[in-house]
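Novice: just coords:
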């Protein structure tokens, strides 16, 4: 057997193995587990919201520490969870599939553009350790919000890297 055929069979075997491993016991492939996210939702009970420039409700839950405030150009480590307001269904989280590590990304490049300016607006000005909750309504033209339902976003800023 030629080395080319061998590589082809190895690739096919690896792809099949990954596909089988991705299936859970119910046969659903690529199921996302948000159980840790559910345990880390931020409570806003008893906190009065402020309103952002765009008219979103923002809850300042825990004050952060440090000299620096998050800006749109920063690279950060952040825990976040996005859930639909009507039914608390989690649609995205840094706590996916058992992870307790915060996500690292560039604020404007990774979050502002992909989820709309409302998502970014909720983070600007945070300090390390700060917790906020933002309520983002849907937007017909999708300039302010990436979402089609009203969502609740929990933020906890771990670190501002640079």
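Specialist: Great, that's in hand. Note that the structure is predicted; figures quoted are calculated from it, not measured. Residues are numbered from 1 along each chain as shown.
Novice: only C-alpha atoms from now on, for both contacts and neighbour counts.
Specialist: OK.
Novice: so what's the residue count around residue 151?
Specialist: 24 (other Cα atoms under 10 Å).
Novice: sorry, slip of the keys, the one I care about is residue 138.
Specialist: For residue 138, using other Cα under 10 Å, the count is 17.
Novice: okay, it: pLDDT?
Specialist: On the pLDDT scale, residue 138 is placed at 77.
Novice: just the element for it, please.
Specialist: Using DSSP states H and E, residue 138 sits in no helix or strand.
Novice: please parse this structure into its domains.
Specialist: According to automatic domain parsing, the chain comprises the domains 1-31, 35-160.
Novice: skip the chain neighbours and tell me the closest residue to residue 76.
Specialist: Leaving aside its chain neighbours, residue 76 sits nearest to residue 160 (4.5 Å; criterion: Cα to Cα, 6 or more residues apart in numbering).
Novice: just checking, that neighbour touches residue 73?
Specialist: No. Residue 160 lies out of contact with residue 73 (Cα atoms under 8 Å); the separation is 10.6 Å.
Novice: neighbour count: the two, which is higher?
Specialist: Comparing residue 160 with residue 73 by other Cα under 10 Å, the one with more neighbours is residue 160, at 20 against 11.
Novice: got a list of what the residue nearest to residue 76 touches?
Specialist: By Cα atoms under 8 Å, 6 or more residues apart in numbering, the contact set of residue 160 is 68, 70, 74-77, 127-128.
Novice: now do the SS call for residue 154.
Specialist: The three-state assignment at residue 154 reads strand, by DSSP: H, G, I helix; E, B strand; the rest coil.
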